[in-house]
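S.K.: pasting the structure only:
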């Protein structure tokens, strides 16, 4: 039986939470102040804490800092009044797992508690993820020979059965949509709909109506009512691609759906309840967007419950042969040339492995499709493989090799990023030593690390 500690100075609210969570099979401990709560934490194992932020004596934030020092893995959900959202965000930065705005429904609180306990289990399992990679994970249409992609699929296996929101990160073309579909297909919602929407493919002024629908007469041309993507995804999964490009007004409504599971259609007054799991993806650095003020902090923390970063193809090149052969079989069959094109020659495969792949798996797919369409037959040869690279753009001769300072397909910025990562690898993660290898000052390396999204915690 899992134990939940409730810290709430209002006796009626405290008792209501005790009864409600007890009905769900949890054991509850309760305290009217933070000091008593800390003593209870020391007295027996606790699996989750619910705490108000406004408490007599030590406040909720101070309790949070103290409790996290004692047990960094302990999930803590904070409760706060609607007007204190900024304080709630501050609590999330300090290590809170989630926050709930007062007044809240008991159903909402139960959902948050179950979600956070699921996430706690995931975090515990992920501590042994490296050891678990000895087990091979697989999914149709996803090639994962490399340890990096095995790690991604291992996380998919663990997060799929939960109801947690997942934020998929990675460069354009790495296959975020395939990973999102894999999560859906391995989830308890697999029999429900999987609805995908790309926010950059829809004009900004139409995105809100696409997501939430509209009522008849909501705007010129709205001659009938229309449900939005959230309604279409009810009892299933909604995959929102390029979440970083969602405009601020729509971000507010997204936050409400994530918090309360309800919304109104554009031009409507009827509140619609939905049961939707949200998967979001971005190729932008959302932390930079937070600093720029273009993305809401509270929405970011709601989305970033379980982050999965999908590596670029150049960092797991051992998957290229499997991907290339998969695409050859697919496109040869689609073009009616399955009996003519038999595979890829070793020399052509080596050419594919040596390429930098700035467009990632999508670029590899396009290269193979083009080769299958134009090849004369038999195995694909190096002459069938047409790769885009800086040296043959803008009319430059493809035969010239004397002016090639960079690997094929690699820009100067990308080369610099790779050198920084390589220096960290050789220095065993020691940033001061990596700076010396690169001939940089520690501050200069810190600046470059921030540009490529590598956390610098000032450790040596």
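M.R.: Okay, I see it. Since the model is a prediction, treat every value here as computed from it, not as a measurement. Numbers count the residues shown, from 1 in each chain.

S.K.: neighbours of residue 365, how many?
M.R.: Residues contacting residue 365 under the criterion other Cβ atoms under 10 Å number 19. Every residue, glycine included, has its C-beta placed from N, CA and C.

S.K.: which ones are touching it?
M.R.: By Cβ atoms under 8 Å, 6 or more residues apart in numbering, residue 365 lies in contact with 323, 327.

S.K.: hmm, try it at 10 Å
M.R.: If a contact means Cβ atoms under 10 Å, 6 or more residues apart in numbering, then residue 365 has 173, 175, 323, 324, 326, 327, 330, 331, 359 as its contacts.

S.K.: which pair of the residues you listed spans the longest distance?
M.R.: In the contacts of residue 365, the most distant members under the criterion Cβ to Cβ are 330 and 359, with 17.9 Å between them.

S.K.: and those two? Which one has more around it.
M.R.: Neighbour comparison, residue 330 and residue 359: the larger count goes to residue 359, with 19 against 16 (by other Cβ under 10 Å).

S.K.: pLDDT score for the more buried one?
M.R.: In the predicted model, residue 359 carries a pLDDT score of 90.

S.K.: quick one, phi/psi of the closest residue in space to it that isn't next to it in sequence?
M.R.: With sequence-adjacent residues excluded and distances taken as Cβ to Cβ, 6 or more residues apart in numbering, residue 359 is closest to residue 173, at 4.9 Å. Note on residue 173: backbone dihedrals following degrees, to the nearest 10 are phi 90, psi 0.

S.K.: now the contacts of residue 365 in TSV, with distance to residue 35?
M.R.: Converted to TSV, the contacts of residue 365 look like this (distance: Cβ to Cβ, whole Å):
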residue	distance to residue 35
173	53
175	50
323	58
324	63
326	60
327	62
330	64
331	67
359	57
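
S.K.: returning to that earlier point: quick one: contacts for the residue nearest to residue 359?
M.R.: Neighbour list for residue 173: 283, 312-313, 357-366 [criterion: Cβ under 10 Å, 6+ apart].

S.K.: now the helices for the stretch 351-460 of the chain?
M.R.: 360-374, 412-426, 431-438, 442-451 (DSSP state H, counting those that start in this stretch).

S.K.: out of the ones you listed, which is closest to residue 8?
M.R.: Taking Cβ to Cβ as the criterion, residue 8 comes closest to helix 442-451 out of those, the separation being 39.8 Å.

S.K.: in the closest one, what's buried?
M.R.: By neighbour count on 16 or more other Cβ atoms under 10 Å, the buried set for helix 442-451 is 445, 448, 449.

S.K.: with pLDDT and distance to residue 224 added, can I get the residues you listed in JSON lines?
M.R.: Formatted as JSON lines, the buried residues of helix 442-451 follow (pLDDT from 0 to 100; distance: Cβ to Cβ, whole Å):
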{"residue": "445", "pLDDT": "82", "distance to residue 224": "59"}
{"residue": "448", "pLDDT": "79", "distance to residue 224": "54"}
{"residue": "449", "pLDDT": "82", "distance to residue 224": "53"}
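
S.K.: of the residues you listed, closest to residue 108?
M.R.: The closest of the buried residues of helix 442-451 to residue 108 turns out to be residue 449 (Cβ to Cβ; 39.1 Å).

S.K.: I'd say the closest one and residue 424 touch.
M.R.: Yes. Proximity of residue 449 to residue 424 meets the contact threshold set by Cβ atoms under 10 Å, at 8.5 Å.

S.K.: who touches both of those two?
M.R.: 431, 434, 435.

S.K.: which of those residues are buried?
M.R.: Neighbour-count burial within the shared contacts of residue 449 and residue 424 applies to 431, 434, 435; the criterion is 16+ other Cβ under 10 Å.

S.K.: tabulate the residues you listed (CSV), appending distance to residue 35 and pLDDT.
M.R.: Rendered in CSV, the data for those read as follows (distance: Cβ to Cβ, whole Å; pLDDT from 0 to 100):
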residue, distance to residue 35, pLDDT
431, 40, 84
434, 45, 83
435, 45, 82
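
S.K.: so where do the strands sit in the chain?
M.R.: Listed in chain order, the strands found in the chain under DSSP state E are 3-7, 27-31, 48-52, 76-81, 98-102, 166-169, 194-198, 237-241, 262-264, 271-273, 277-282, 306-309, 341-344, 378-380.

S.K.: quick one: closest of those to residue 291.
M.R.: Across those, residue 291 has its closest neighbour in strand 277-282 (15.2 Å, Cβ to Cβ).

S.K.: given the closest one, what are its sheet partners and their directions?
M.R.: In the sheet containing strand 277-282, its partner strands are strand 166-169 (parallel), strand 237-241 (parallel), by DSSP bridges.

S.K.: these into CSV, with extra columns for mean neighbour count?
M.R.: Conversion of these to CSV gives the following (neighbours: other Cβ atoms under 10 Å):
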stretch, mean neighbour count
strand 166-169, 22
strand 237-241, 23
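
S.K.: for those strands, which one sits closest to residue 272?
M.R.: Closest approach to residue 272 among the strands paired with strand 277-282 (Cβ to Cβ): strand 237-241, 13.9 Å.

S.K.: re earlier: what is the nearest of the contacts of residue 365 to residue 249?
M.R.: Within the contacts of residue 365, the smallest distance to residue 249 is 29.4 Å, found for residue 173 (Cβ to Cβ).

S.K.: show me the domain layout of this structure.
M.R.: 3-126, 145-311, 314-392, 412-451 (automatic domain parsing).

S.K.: these: which one's closest to residue 136?
M.R.: domain 145-311 (6.9 Å).

S.K.: tell me how far the ends of the closest one are from each other?
M.R.: End-to-end distance for domain 145-311, by Cα to Cα, to the nearest Å: 13 Å.

S.K.: do stretch 306-321 as well
M.R.: End-to-end distance for stretch 306-321, by Cα to Cα: 30 Å.

S.K.: next, count neighbours for the closest residue to residue 223 other than its chain neighbours.
M.R.: Once its chain neighbours are removed from consideration, residue 223 has its nearest residue in residue 216; the separation is 6.6 Å (Cβ to Cβ, 6+ apart). Other residues lying near residue 216 total 12 when counted by other Cβ under 10 Å.

S.K.: tell me how far the nearest residue to residue 232 once chain neighbours are set aside lies from residue 238.
M.R.: In space, residue 232 comes closest to residue 195 once its chain neighbours are excluded; the distance is 5.2 Å by Cβ to Cβ, 6+ apart. Here the criterion is Cβ to Cβ, to the nearest Å. By it, residue 195 lies 5 Å from residue 238.

S.K.: shared neighbours, the two?
M.R.: Taking Cβ under 10 Å, 6+ apart as the contact rule, residue 195 and residue 238 both touch 184, 228, 229, 230, 231, 232, 276.

S.K.: any idea how many residues pack against the third one?
M.R.: Here the number of neighbours of residue 229 (other Cβ under 10 Å) works out to 19.

S.K.: go on, the first one?
M.R.: By other Cβ under 10 Å, the residues close to residue 184 number 22.
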